[in-house]
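S.K.: the sequence and its predicted three-dimensional model are supplied below.
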Amino acid sequence: MDRTILHCDCNGFFASVECILSPELKDVPMAVCGNPENRHGIILAKNELAKKYNVQTAETIWEARKKCPDLVLVPPHHDEYKKYSKIVNKIYERYTDKVEPFGIDESWLDVTDSVHFFGEGKQIADTLRNVVRNETGLTISVGVSFNKVFAKLGSDYKKPDATTVISRENYKSIVHPLPVSSLLYVGKQAKKILNKINIYTIGDLANSDRDLIISLLGKTGKLIHEYANGIDDSPVKSIYDADPIKSVGNGMTFKRDLQGLSDITISVNALSDTVARRLRKYGLKCSTIQVSIKDPGFKIKSRQKPLPHPTYLAKEISQHALELIKKSWNLNAPIRTLTITGTHLIPANEEIEQLSLFSDCDNDERKRQEQLETAIDKIREKYGANAISFGSAINNCLGIAEPDNDD
């Protein structure tokens, strides 16, 4: 028996929330954009009126205003988006406990066991659209299918506020004419490779030689060839299933480019402090540090190194991150964005100290540092994340002392 899978996608989510917060925005072409002063000056979302001017997500503010001079721009309110996302997902949970978010504005639902109570998949989808609209003011588009991949294609097929059913009987007529880039996990590079061998649609991919696709794209090739042919048995996760944390990181695009060791050190210290604090919050230690650098030309260089011992200490993370940067980066070259990530995580209480490799002095120093950083955590928990900061980060022109609201 086939499953009944829904994919629910909030239409123009950021812009729709902003229109709920400020109803006057519904009557004008508007877009949510990053702060140009922080060099995030791109379009994040737009309403239906702005779409009529062909305003595109991810284009620059300058490009959008060339198309629509009267475009009203508003800054993002991420706390509100998180709030509405939780409200919408709670509505979904009234109909099934198998609700798997895919980003802040999309979720898969497995309603196979719910059809006896709420009707067939299309009926549940239409009910959800009405309930979400009436209770939140948001609209959703819903795809209904027998697997996750086709359900997602269904929610993208018709917008806004629509239900599309993709069944075993009709999927070739609906799915196969779509551009191959519409398929999950077919990114720009994969599309480019597929286009070179005259694969432009999902149907082209479905009818292609499987072994050829695998030879060109490896495991991803096998996966997308199966997807194009309607083969996908991946489950929708239950709300009771917790995803294991695979990495903990923090990155930032600075108000101005980092230039020189002093700028880099200030930034690494601040980013490492946040990474360490999150690791301690999750009860984890990292065994590998990764540093990713983006230059003003948007070229990215990433490097990583294993650590001599797992850690959740900011001092040690910062030390190893700086070592990586010094070895792999011209310190006089400008840095636009810097990201520090701890990977290969283990539970903090499972670390086995190889005491023979470290002196008693080293171990005592680590314990003192751990006590210090744990004490700082408690102060921040009581008085706020920025109750204690690095002195060098205060009143700087990089923007790194701004409040951290991710925790």
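M.R.: Perfect, thanks for sending it.

S.K.: the closest residue to Val236 other than its chain neighbours bridge partners, please.
M.R.: Beyond its immediate neighbours in the sequence, the residue positioned closest to Val236 (C-beta to C-beta, 6 or more residues apart in numbering) is Asp110, lying 3.8 Å away. (Each C-beta comes from the backbone N, C-alpha and C, glycine too.) Per DSSP bridges, the residues bridged to Asp110 are Ile5.

S.K.: wait, Asp110 sits on Lys98?
M.R.: Yes. Between Asp110 and Lys98 there is a contact at 3.8 Å, judged by C-beta atoms under 8 Å.

S.K.: overlap of the contact sets of those two?
M.R.: In terms of C-beta atoms under 8 Å, 6 or more residues apart in numbering, Asp110 and Lys98 are both contacted by the residues Pro235, Val236.

S.K.: next one: phi and psi at the nearest residue to Lys222 once chain neighbours are set aside?
M.R.: By the measure of C-beta to C-beta, 6+ apart, the closest residue to Lys222 outside its immediate chain neighbours is Ile214, 5.1 Å from it. In this entry, Ile214 is assigned phi and psi values of phi -60, psi -40 (degrees, to the nearest 10).

S.K.: quick one: Ile214 and Thr60, what's the gap?
M.R.: Taking C-beta to C-beta, to the nearest Å as the measure, Ile214 and Thr60 are separated by 38 Å.

S.K.: so for stretch 76-96, what gets flagged as buried?
M.R.: Across stretch 76-96, burial judged by 16 or more other C-beta atoms under 10 Å covers Pro76, Tyr81, Tyr84, Ser85, Val88, Asn89, Ile91, Tyr92, Tyr95, Thr96.

S.K.: likewise stretch 24-38?
M.R.: For stretch 24-38, a neighbour-count test (16+ other C-beta under 10 Å) marks Leu25, Lys26, Pro29, Met30, Ala31, Val32, Cys33, Gly34 as buried.

S.K.: Glu373: which of the residues you listed is nearest?
M.R.: Ranking the buried residues of stretch 24-38 by separation from Glu373, with C-beta to C-beta as the measure, puts Gly34 on top at 31.7 Å.

S.K.: list the contacts of the closest one.
M.R.: For Gly34, the set of contacting residues under the criterion of C-beta under 8 Å, 6+ apart consists of His40, Gly41, Ile42, Leu44, Pro75, Pro76.

S.K.: burial count for Leu263?
M.R.: Careful, residue 263 is Asp and not Leu. Number of residues near Asp263 (other C-beta atoms under 10 Å) recorded here: 22.

S.K.: specify the local secondary structure of it.
M.R.: Following DSSP: H, G, I helix; E, B strand; the rest coil, Asp263 is assigned to helix.

S.K.: roughly how far apart are the residue nearest to Val236 and Thr96?
M.R.: Asp110 sits at a distance of 6 Å from Thr96 (criterion: C-beta to C-beta).

S.K.: how about the strands in the protein?
M.R.: Counting by DSSP state E, the chain has these strands, from start to end: 5-10, 30-33, 43-46, 72-74, 99-101, 106-110, 140-145, 163-166, 247-258, 284-294, 300-311, 335-347.

S.K.: save those strands as a markdown table, and put in distance to Glu373 and mean pLDDT too.
M.R.: Supplementary listing: the strands of the chain in a markdown table, determined by distance: least, C-beta to C-beta, whole Å; pLDDT from 0 to 100:
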| stretch | distance to Glu373 | mean pLDDT |
| --- | --- | --- |
| strand 5-10 | 39 | 98 |
| strand 30-33 | 36 | 93 |
| strand 43-46 | 34 | 90 |
| strand 72-74 | 38 | 93 |
| strand 99-101 | 32 | 95 |
| strand 106-110 | 36 | 97 |
| strand 140-145 | 43 | 98 |
| strand 163-166 | 51 | 98 |
| strand 247-258 | 15 | 90 |
| strand 284-294 | 12 | 94 |
| strand 300-311 | 10 | 91 |
| strand 335-347 | 14 | 93 |
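
S.K.: so for Leu21, which of those strands sits nearest?
M.R.: Checking these against Leu21 by C-beta to C-beta gives strand 72-74 as the closest, at 9.0 Å.

S.K.: what's opposite the residue lying closest to Thr253 once chain neighbours are set aside in the beta bridge?
M.R.: The spatially closest residue to Thr253, leaving aside those adjacent along the chain, is Thr337, at 4.5 Å (C-beta to C-beta, 6+ apart). Taking DSSP bridges, one finds Thr253, Lys294 as the beta-bridge partners of Thr337.
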